[in-house]
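# here is my input, please return the structure:
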Amino acid sequence: MTLFASSSGFWDLVDSSAQVRRLGSGFTFTEGPVWHPREHYLLFSDMPADVRRRWDASGVREVMRPSNKGNGMTYDADLNLVVCEHATSSLVRFRSDGQREVLASHFEGKELNSPNDVCMRSDGSFYFSDPWYGRMPVFGVERRRDLGWQGVFRVLPGGTPQLLVDRTLFDQPNGLCFSPDERILYVNDTVKALIRVFDVAADGSLSRGRLFAEGLKSDSEPGVPDGMKCDEQGNVWVTAPGGVWVLNPSGHHIGTVNVPELVANLAWGGADGHTLFMTASTSLYALTTRVGPRREPYMRAGASSRSSSPAAAPSRGSGLALDPGRCALIIQDMQNDVVMDGGAFASSGAPRHAAEQRVIENIRHLAEACRAKGVPVIHVWFVVEPGAPGLTLNAPLFQGLAQSGGLVRGTWGAAPVPGLEPAAGDFIVEKMRMSAWEGSKLETILKATGRDTIFNTGAWTNMSVEHTARTGADKGYTIFMPEDGCSTINAEWHNASIKFAVTNVATVTNVAALIEALK
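Predicted coordinates for the structure are as follows:
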């Protein structure tokens, strides 16, 4: 049996009929999978063979030999490959021109053990584990250890490694991943067969370390905590006995993906981000899931061309700085009928895409940051009276709205979604057209508050949000559009709008970068 559920919630994440597929075999020991979001291929490591391989629709081929026994991999926001190298005890970055850059190799004058797994935070920093597997035979190069303990580190752009935890806390720290909002970091320990969780402060430091899950071991099935990823809903997927265990945000084991070989690591990819790739001993496997990954910084690069939008995903050190006194946040059409299950337009797929984008949570965080800096928050709602009097039916969109009976004043459908209710001091603008500008008091508010820079968020990306960006640009406003602060009915429509339209009238960025730019 491929899948086992210990809770019905598991079937919200993967179809009960889904099957684990073997994509390639004959390797030595596979590890470190990472999907390229723009060119659509998977890289994975084979440490004992000292080779890095690539999988795509045409099959598997080698791309680097020797590979310094590379293990865990990720990309930075510019899609440069970042690799944990066992043989060199280093965290390195390979730039597009082929240049190899060492990001971390020593701590307090002593050589690191062997960086094992790595993930990136939206501020541009890398978090990595440092067990000593890379100083053992087969998986690394046998040699003496300098540190004498195993830690978890963080390295900022241009900085040196910072130790984040007590030196004796972990026996062999291994897989690590952030929660979707980056407020929590999960780190597992292979030897102790457990996962610890930490709160992540605004400055990137860790606190309140505590046990998340334990007992991830079995005398009857192979598998230990190793690779680990968080999905877009906050569930933790971790290698464990039998294959991959799924733990809900409370740490309860809700299901298992059974794999024929011992799984060492995993990563989501595929054209829609819903293929879970699993590196397992001598093979590479895949499973189609209903849920996608936490949107890591590099994944956003697949949604828009950085060449056409230089500030597509600015991070700390990118130079983006904004004057809060000139900015305003628009939250458009985030109403129950538009993006919630049970709403008038739920059958369009909008609720699912909003959940995939985590758009409500992302906008909420941005709104909180804006209010703290004195940036006006403007809620723009599409509202009609019962029977939709005054709504012209000159376009299919307006005809469909009238027929649906949606967005009627005073109803649940016209109300703001939970979590995005107006706060004291916020502005409310009503409209009866796609664009937030048409027939509304939006520009009156902007001029009265002296604002010429707009953070454009909401639903739907390719309709109201895009129309508002186009008109705003024509009017002379500077528009910033956080790609993870808007949604539509599916990823294809969203990406098309971002890549082919919005990049011509706005700076495409992300919520974390805008929050950072206001500091």
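# show me the longest strand that occurs in the chain.
In the chain, taking DSSP state E as the definition, the longest strand is strand 206-214.
# now that strand: how far from the chain's centre is it?
Centroid separation between strand 206-214 and its chain, computed with C-alpha atoms, centre = their mean, to the nearest Å, is 21 Å.
# and stretch 432-441, by the same measure?
On the basis of C-alpha atoms, centre = their mean, stretch 432-441 sits 32 Å off its chain's mean C-alpha point.
# partner strands of the next helix or strand after the longest strand of the chain, with direction?
Following strand 206-214 in sequence order, the next helix or strand is strand 228-230 (DSSP states H and E). In its sheet, strand 228-230 lies beside strand 236-240 (antiparallel), with partners assigned from DSSP bridges.
# the helix or strand following the partner strand packs against which elements?
Sequence-wise, the next helix or strand downstream of strand 236-240 (DSSP H and E) is strand 243-247. Secondary-structure packing of strand 243-247 (3 or more C-beta pairs under 8 Å, 6 or more residues apart in numbering; DSSP states H and E): strand 236-240, strand 253-258, strand 263-269, strand 275-280. Where you see a C-beta, it was placed from the backbone N, CA and C, and this is true even at glycine.
# got the contact list for strand 243-247?
If you take C-beta atoms under 8 Å, 6 or more residues apart in numbering as the criterion, strand 243-247 is touched by 10, 13, 20, 195, 212-213, 216, 223, 235-239, 253-259, 263, 266, 276, 278, 280.
# what angle separates it from strand 236-240?
Relative orientation of strand 243-247 versus strand 236-240 (axes from the mean of the first three to the mean of the last three C-alpha atoms, to 10 degrees): 150 degrees.
# off-centre distance for strand 243-247?
19 Å.
# with adjacent residues omitted, what lies nearest to residue 281?
Leaving aside its sequence neighbours, residue 281 sits nearest to residue 261 (C-beta to C-beta, 6 or more residues apart in numbering; 4.0 Å).
# counting neighbours, which of the contacts of strand 243-247 end up buried?
For those, a burial check counting by 16 or more other C-beta atoms under 10 Å picks out 10, 13, 20, 195, 212-213, 216, 223, 235-239, 253-257, 259, 263, 266, 276, 278, 280.
# now tell me which helix or strand of this structure has the poorest mean pLDDT.
Sorting the helices and strands of the chain by mean pLDDT, DSSP states H and E puts helix 396-404 at the bottom, at a mean of 83.
# the residue nearest to residue 281 - how many residues pack around it?
Look at residue 261: counted by other C-beta atoms under 10 Å, it has 19 neighbours.
# which residues does it contact?
By C-beta under 8 Å, 6+ apart, the contact set of residue 261 is 280-283, 285.
# on the three-state scheme, it is what?
coil (DSSP: H, G, I helix; E, B strand; the rest coil).
# what distance do you get for it to residue 278?
Distance, residue 261 to residue 278, using C-beta to C-beta, to the nearest Å: 9 Å.
# domains for this protein, by residue range?
3-298, 303-517 (automatic domain parsing).
# rank those domains by mean pLDDT and give me the bottom one.
Sorting the domains of the chain by mean pLDDT places domain 303-517 lowest, at a mean of 88.
# and it, how far out from the chain middle?
20 Å.
# show me where the stretch 301-450 of the chain has strands.
Applying DSSP state E, counting those that start in this stretch to the stretch 301-450 of the chain gives strands spanning 327-332, 377-382, 427-431.
# relative to strand 327-332, how tilted is the shortest one?
With the same axes, to 10 degrees as the basis, strand 427-431 and strand 327-332 are set at 50 degrees to each other.
# who does strand 427-431 touch, helix- and strand-wise?
For strand 427-431, the packing partners by 3+ C-beta pairs under 8 Å, 6+ apart are strand 377-382, helix 442-448.
# got the contact list for that strand?
376-383, 422, 436, 438-442, 445.
# CA atoms only for that strand, dumped as CSV, please.
Extracted C-alpha coordinates of strand 427-431, given in CSV (Å, rounded to 0.1, in the frame of the first residue of the first chain):
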residue,chain,number,x,y,z
PHE,A,427,-10.0,53.4,4.7
ILE,A,428,-12.9,51.6,2.9
VAL,A,429,-13.5,52.2,-0.7
GLU,A,430,-16.5,50.7,-2.6
LYS,A,431,-16.7,50.2,-6.4
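# can you tell me the strand partners of it and which way each runs?
strand 377-382 (parallel).
# mind listing residues that contact the partner strand?
328-335, 338, 367, 370-371, 401, 407, 414, 416, 420, 422-423, 425-432, 436, 440, 442, 445, 458, 464, 468.
# report the angle between it and helix 396-404.
Going by the same axes, to 10 degrees, strand 377-382 makes 70 degrees with helix 396-404.
# wait, doesn't residue 73 sit right on residue 81?
Yes. Under the criterion of C-beta atoms under 8 Å, residue 73 makes contact with residue 81 at 6.3 Å.
# shared neighbours of those two, anything?
Jointly contacting residue 73 and residue 81 under the rule C-beta under 8 Å, 6+ apart are 34, 43.
# ok, longest helix in the chain?
Across the chain, the helix with the greatest residue count (assigned by DSSP state H) is helix 359-372.
# can you show me the CA trace of that helix as PDB?
Written as PDB, here are the backbone C-alpha positions of helix 359-372 (Å, rounded to 0.1, in the frame of the first residue of the first chain):
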ATOM      1  CA  VAL A 359      -2.700  35.300   0.300                       C
ATOM      2  CA  ILE A 360      -4.900  36.100   3.300                       C
ATOM      3  CA  GLU A 361      -2.100  35.500   5.800                       C
ATOM      4  CA  ASN A 362       0.500  37.300   3.600                       C
ATOM      5  CA  ILE A 363      -1.600  40.400   3.200                       C
ATOM      6  CA  ARG A 364      -2.400  40.400   6.900                       C
ATOM      7  CA  HIS A 365       1.300  40.500   7.800                       C
ATOM      8  CA  LEU A 366       1.900  43.300   5.300                       C
ATOM      9  CA  ALA A 367      -1.100  45.300   6.600                       C
ATOM     10  CA  GLU A 368       0.200  44.900  10.200                       C
ATOM     11  CA  ALA A 369       3.600  46.200   9.100                       C
ATOM     12  CA  CYS A 370       2.100  49.100   7.200                       C
ATOM     13  CA  ARG A 371       0.000  50.200  10.100                       C
ATOM     14  CA  ALA A 372       3.000  50.100  12.400                       C
END
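# tell me which other helices or strands it touches.
Using 3+ C-beta pairs under 8 Å, 6+ apart, helix 359-372 sits against strand 327-332, strand 377-382, strand 453-459, helix 511-517.
# endpoints of stretch 140-157, how far apart?
Its first and final residues considered, stretch 140-157 spans 27 Å by C-alpha to C-alpha, to the nearest Å.
# scratch that, stretch 153-162
Stretch 153-162 end-to-end distance (C-alpha to C-alpha) = 5 Å.
# what's it in contact with?
By C-beta under 8 Å, 6+ apart, stretch 153-162 touches 91, 103-104, 106-107, 112, 123-130, 163-164, 204, 315-317.
# grab the nearest non-local neighbour of residue 441.
residue 429 (5.8 Å).
# so what's that neighbour bridging to?
If you apply DSSP bridges, the partners that residue 429 bridges to are residue 380.
# would you mind measuring from it to residue 354?
21 Å.
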